[in-house]
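>>> Kindly generate the corresponding structure for this input.
(one chain, ligands or ions: 1)
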Amino acid sequence: MFSFREKVAVVTGAGGDIGRDAAVALAKRGARILAVDMDPGGIEKTVEAVRSTGGTAEGFKADVTQSAECEAYAKRAADLRGEINLFFNNAGIEGIGAPLADYPEEEFDKVIAVNVKGVYLGIKAVVPHMKKGSAIVNMASVAGLNPFRCIRRTCFRRPPPLDQ
Ligand SMILES: NC(=O)c1ccc[n+]([C@@H]2O[C@H](COP(=O)([O-])OP(=O)(O)OC[C@H]3O[C@@H](n4cnc5c(N)ncnc54)[C@H](O)[C@@H]3O)[C@@H](O)[C@H]2O)c1
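Residues are numbered from 1 along each chain as shown. A predicted model of the protein is given here:
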């Protein structure tokens, strides 16, 4: 099994399902986890999940849309062992499902702020603390490759015929 012993892994969106599972999986392989999320309850659950399997984790509350908060989590992670070895850039929101012409501007701004700007700010903050051989995994969605068709607020992976 691939080992992450002595490595520092930063997981954003760590309070959610995928982030939690990733944090536990990485910790089981020896990584020390910094669990970043804006939801303190989610962070706590993840830190507990990692520790209950014998792993090492600490939480860090941050909003990934804010550059100062991204720099703060990156600095904390680098302070753990001098560098960041793995970055799972995973925080994201689904937004609502709607055709673009009906999509509320406020919701559009929220989705772009987290899913696009948050990913960029994370990379910008973390890379200065990485050395050769480190890795970044940016989370995306199958919807980026195979868009869903939305009729009113219902979205379909396999859309019904176009006359509906
Ligand atoms: N679950 C799926 O089927 C699926 C499908 C495609 C893509 N994804 C992507 O995978 C990633 C994780 O998904 P999930 O299913 O675990 O979602 P989730 O909603 O369970 O977890 C997402 C986490 O991100 C956090 N978050 C949201 N905005 C944030 C912000 N501004 N700053 C910091 N944290 C923030 C939330 O608090 C939450 O804990 C997301 O990027 C999501 O878009 C998930």
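>>> Now stretch 61-78 - C-alpha only, PDB.
In PDB, the C-alpha atoms belonging to stretch 61-78 read as follows (Å, rounded to 0.1, in the frame of the first residue of the first chain):
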ATOM      1  CA  LYS A  61     -11.900  26.800  10.000                       C
ATOM      2  CA  ALA A  62     -11.600  28.800   6.800                       C
ATOM      3  CA  ASP A  63     -13.700  30.100   4.000                       C
ATOM      4  CA  VAL A  64     -11.900  29.100   0.700                       C
ATOM      5  CA  THR A  65     -13.200  32.200  -1.100                       C
ATOM      6  CA  GLN A  66     -11.100  34.500   1.100                       C
ATOM      7  CA  SER A  67      -7.400  34.700   0.200                       C
ATOM      8  CA  ALA A  68      -6.200  35.700   3.700                       C
ATOM      9  CA  GLU A  69      -8.000  32.600   5.100                       C
ATOM     10  CA  CYS A  70      -6.400  30.300   2.400                       C
ATOM     11  CA  GLU A  71      -3.000  31.700   3.200                       C
ATOM     12  CA  ALA A  72      -3.700  31.100   6.900                       C
ATOM     13  CA  TYR A  73      -4.600  27.400   6.400                       C
ATOM     14  CA  ALA A  74      -1.600  26.900   4.100                       C
ATOM     15  CA  LYS A  75       0.800  28.500   6.700                       C
ATOM     16  CA  ARG A  76      -0.700  26.300   9.500                       C
ATOM     17  CA  ALA A  77      -0.200  23.200   7.400                       C
ATOM     18  CA  ALA A  78       3.400  24.100   6.500                       C
END
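>>> what helix or strand is Gly19 on?
Assigned by DSSP states H and E, Gly19 falls within helix 17-28.
>>> Okay, the residue lying closest to Tyr103 once chain neighbours are set aside and Val111: tell me how far apart.
Spatial nearest neighbour of Tyr103, excluding adjacent residues (Cβ to Cβ, 6 or more residues apart in numbering): Ile96 at 7.6 Å. From N, CA and C alone the C-beta is placed, and that goes for glycine too. Taking Cβ to Cβ, to the nearest Å as the measure, Ile96 falls 9 Å from Val111.
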